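Engineer: Mind looking at a prediction? Sequence and model below.
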Amino acid sequence: MALLRPDLMQALLPARERERIEAYALDDAGAGTDVFGTSATGIGNAYALAYWLHRYYFRVVSTGHENIPLSRGGVVVGNHSGVLPFDGVMISTDVFRHTDPPRLVRFMVDFFVYSMPYLGTLFRSLGQVPGTRRNFDGLIEEGHLVGIFPEGADALGKPAEDRYELFPFSHGHVELAARHGAPVVPFGVVGAEEQQTVITNLQPLARALNLPFIPVTRTFPWFGPAGLLPKPVRYFIHYGEPLEIDPAVLESIEVRATEVERVRDAVREQIRVGLEHRRLVNEGRA
């Protein structure tokens, strides 16, 4: 099945990557989409573009793929930054590239995205879904990988002085993982913090427009929408060993808090590994 025009497929993807798209198993519920609104065409088009960004623009270096479940549901959790969510795109692309058979990380997306004309439909077609308990339950029960940024969308607007400092984590991911007995795979992304330098956040205006943040950067809003384009920084992504969440989080607030911090510490460790890896690469020692 051709998911893109042949000339674009040839231009954007090598043959082995086109084969990966064809190998992805989409459970068609009718009208060419699965029950979550994801289409094979949407995944194919998105991957063709994201692959180019992954390999040539952000030049992603990643390790720890052996920690990603190959045949069961799981929760993929990590840090968030960069003004625009290219970090989520690179995680989904990286996992798709480095799992066999290919696996798609479906991120829980904040509701404000789905209030925007056409954008919500686009995100659904690419496999991303609104962050509801029902969607999470359905994805895990069907054996999917679910991506969550527990810092929330506010973390996209981190100022420069907070680089690689984690905001407090929400607790929903540990409760949902515990309820389904699903492993939590922590990841750390290094590089996204430098793709845009946030000077300040226009929070009053953002609240008035029902947006999580409105950043002021060195290039935005001065250069209009083009000012939001990320710098071609190199990404370093590291996946840690899966964590099994204590089922007692469903009954105890204290256990829940402990497990949230355990996940947060694991993400912090992956960030540390990524920063060290980047340092060694920059020094020509890796």
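Structural biologist: Cool, the structure landed. What you are looking at is a predicted structure, and each value in this text was computed from that prediction instead of being measured. Numbering: from 1, shown residues only.
Engineer: Pull out the buried residues from the longest helix belonging to the chain.
Structural biologist: The longest helix of the chain (DSSP state H) is helix 253-282. By neighbour count with 16 or more other Cβ atoms under 10 Å, helix 253-282 contains the buried residues 255-256, 259-260, 263-264, 266-268, 270-271, 273-275, 277-278. C-betas here are computed from N, CA, C, even on glycine.
Engineer: Same question for stretch 173-182.
Structural biologist: Judged by neighbour count (16+ other Cβ under 10 Å), stretch 173-182 contains these buried residues: 173-180, 182.
Engineer: And for residue 216, the neighbour number?
Structural biologist: 16 (other Cβ atoms under 10 Å).
Engineer: That one: what secondary structure?
Structural biologist: Following DSSP: H, G, I helix; E, B strand; the rest coil, residue 216 is assigned to strand.
Engineer: wait, isn't it in contact with residue 203?
Structural biologist: No: at 11.1 Å, residue 216 does not count as touching residue 203 under the criterion of Cβ atoms under 8 Å.
Engineer: which one of the buried residues of stretch 173-182 sits closest to residue 167?
Structural biologist: residue 173 (14.0 Å; Cβ to Cβ).
Engineer: Over to the closest residue in space to the closest one that isn't next to it in sequence: give its phi and psi.
Structural biologist: Leaving aside its chain neighbours, residue 173 sits nearest to residue 148 (4.7 Å; criterion: Cβ to Cβ, 6 or more residues apart in numbering). For residue 148, the backbone dihedrals (degrees, to the nearest 10) come out as phi -140, psi 140.
Engineer: Check residue 188 too.
Structural biologist: phi -130, psi 130.
Engineer: For residue 237, see how far away the spatially closest residue to it that is not a sequence neighbour is.
Structural biologist: Distances taken as Cβ to Cβ, 6+ apart put residue 270 closest to residue 188, at 2.9 Å, once the chain neighbours are dropped. Distance of residue 270 to residue 237, computed by Cβ to Cβ, to the nearest Å: 8 Å.
Engineer: hey, what's in contact with both of those two?
Structural biologist: Listed as contacting both residue 270 and residue 237 by Cβ atoms under 8 Å, 6 or more residues apart in numbering are 187-188.
Engineer: Who are the packing partners of the longest helix of the chain?
Structural biologist: Using 3 or more Cβ pairs under 8 Å, 6 or more residues apart in numbering; DSSP states H and E, the elements in contact with helix 253-282 are strand 61-63, strand 74-78, helix 172-180, strand 184-190, strand 236-239.
Engineer: the inter-axis angle of it versus strand 74-78?
Structural biologist: 60 degrees (axes from the mean of the first three to the mean of the last three Cα atoms, to 10 degrees).
Engineer: if we can go back for a sec, so who does the residue nearest to residue 188 touch?
Structural biologist: Residue 270 is in contact with 64, 78, 186-188, 238-240, counting by Cβ under 8 Å, 6+ apart.
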